[in-house]
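Novice: Quick check, what structure comes out for this input:
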Amino acid sequence: MPKILVTGALGQIGSELTRVLRETYGDAQVIASDIRLPDLAAHPHNGPFETLDVMDEQQVHQIIEKHQPQQIYHLAALLSAVAERDPLRAWNLNINGSLHIFEAARKHQVERLFVPSSIAAFGPTTPLDHTPQDTIQRPNTMYGITKVTTELLGEYYYKRFGLDCRGLRLPGVISYTTPPGGGTTDYAVEIFHYAVRNQPYTCYLRPDTSLDMMYMADTLRACLGVMAAESQRLIHRNAFNVTAMQFTPAQLVAAIQKHIPSFVCHYEIDPLRQSIADSWPNGMDDSAARQEWGWQHEYDLSRTVEIMINALRKAQH
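Specialist: Here you go, the predicted model:
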């Protein structure tokens, strides 16, 4: 049973990944960490928790030395829209914070390190449809720049030091348990909360904006799947394209209206988030992940919409 450290464990993905890891490996084997203390009502962590600021290099080394994890899932980062509003902070956290984790993992001989990338690692000159695993990466956002940089750092630490660094280019993630944290695809979560309350929703993206998306359960399986993959099978390693579905706001609205016919969506375009979305692919080709470690999604749009509506309705009562 590996001992595992999760940074950013109170975020949208981190909170659910911590739960799944503890269900898989045991509560005591998974150390959750975040810069803030958990709200135990919202995040009832049943295992060890450490307050960790990944910007504090000494603290990173101390916690890794204390717990001696064999695996680290490094999720502490600023997301796309927030990063664009505060690019210097995004660089410091996403790059320098990650570098502290890379160095500590190398020094303390961590066996495997997971550092997620994003569809934001692509840019406006990347092929928009069936975006290849290996292609032009010239992002025009600070978030995207930090993701390309961490992809390259992962490659460097693997080739130079043998640190087994793995990762996924994640699309928008849809979940009903934890609020989104400042990403460009947040509309695809927010919209459900309005729909189940019978309130109109105002979407900040154009109705025809197509983006990759994934339901949280698929995201978690992908994270564990790439980390469990046999090393010799991997041709790529730290930045696999993974996706499950592509849809536009208009298509999502139509899918919701099959369950809630009275639901209404208005559009008020946010130039910042629209420009970010326009620089991302319409849909990625994730065949490398499917061939190299057996990635398969389970949730399409209709199934995701049904689950989200039912879960949020249940939470209201």
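Novice: Now for the residue most central in space within the chain: which residues touch it?
Specialist: Centroid check for the chain by C-alpha atoms, centre = their mean gives Leu170 as the closest residue, at 5.3 Å. For Leu170, the contact set (C-beta atoms under 8 Å, 6 or more residues apart in numbering) comprises 13, 116-119, 214, 219, 222, 242. For every residue, glycine as well, the C-beta is placed using N, CA and C.
Novice: Local confidence estimate at it?
Specialist: For Leu170, the model assigns a pLDDT of 96.
Novice: from the chain's centre, how far out does stretch 218-229 sit?
Specialist: Centroid separation for stretch 218-229 versus its chain: 12 Å, with C-alpha atoms, centre = their mean, to the nearest Å.
Novice: nope, stretch 163-174 is what I was after
Specialist: How far stretch 163-174 lies from its chain's middle: 6 Å, per C-alpha atoms, centre = their mean.
Novice: Tell me the span between the first and last residue of it.
Specialist: 31 Å (C-alpha to C-alpha, to the nearest Å).
Novice: Ok, stretch 90-110 next?
Specialist: 26 Å.
Novice: Can you give me the buried ones in that stretch?
Specialist: Buried residues in stretch 90-110, counted by 16 or more other C-beta atoms under 10 Å: 90-91, 93-95, 97-106, 110.
Novice: Need the three-state assignment for Arg290.
Specialist: What DSSP: H, G, I helix; E, B strand; the rest coil gives for Arg290 is helix.
Novice: Next, count neighbours for it.
Specialist: For Arg290, the count of nearby residues is 15 (other C-beta atoms under 10 Å).
Novice: Also Pro261?
Specialist: Neighbourhood size, Pro261 [other C-beta under 10 Å]: 7.
Novice: Let me know whether my guess that it is in a helix holds.
Specialist: No - remark: Pro261 does not belong to a helix; assigned using three-state DSSP, it is coil.
Novice: Quickly note the distance from it to Tyr187.
Specialist: When distance is defined by C-beta to C-beta, to the nearest Å, Pro261 is 20 Å away from Tyr187.
Novice: What of Ala239?
Specialist: 25 Å.
Novice: Same check on His130?
Specialist: 24 Å.
Novice: Which one's more surrounded, the two?
Specialist: Tyr187 (23 against 13).
Novice: Next, count neighbours for the closest residue to that one other than its chain neighbours.
Specialist: In this structure, Tyr187 finds its nearest non-sequential neighbour in Cys203, 5.2 Å apart by C-beta to C-beta, 6 or more residues apart in numbering. Around Cys203 there are 22 other residues, counting by other C-beta under 10 Å.
Novice: got a list of what the nearest residue to Pro180 once chain neighbours are set aside touches?
Specialist: Spatially, and ignoring its direct neighbours in sequence, Pro180 is nearest to Asp186 (3.9 Å; C-beta to C-beta, 6+ apart). Residues in contact with Asp186, defined by C-beta under 8 Å, 6+ apart, are 81, 172, 180.
Novice: so which of the residues you listed comes closest to Thr248?
Specialist: Nearest to Thr248 among those: Gly172, at 12.0 Å, using C-beta to C-beta.
Novice: how about low-confidence regions in the stretch 151-300 of the chain?
Specialist: Within the stretch 151-300 of the chain, no range satisfies pLDDT under 70.
Novice: Do you have the helices of it handy? List them.
Specialist: With DSSP state H, counting those that start in this stretch, the ranges of helices along the stretch 151-300 of the chain come out as 187-196, 216-228, 249-257, 271-278, 287-293.
Novice: quick one on the thing from earlier: same list, the contacts of Asp186, but as JSON lines with neighbour count and distance to Thr149 please.
Specialist: Below are those laid out as JSON lines (neighbours: other C-beta atoms under 10 Å; distance: C-beta to C-beta, whole Å):
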{"residue": "Ala81", "neighbour count": "22", "distance to Thr149": "19"}
{"residue": "Gly172", "neighbour count": "25", "distance to Thr149": "21"}
{"residue": "Pro180", "neighbour count": "20", "distance to Thr149": "24"}
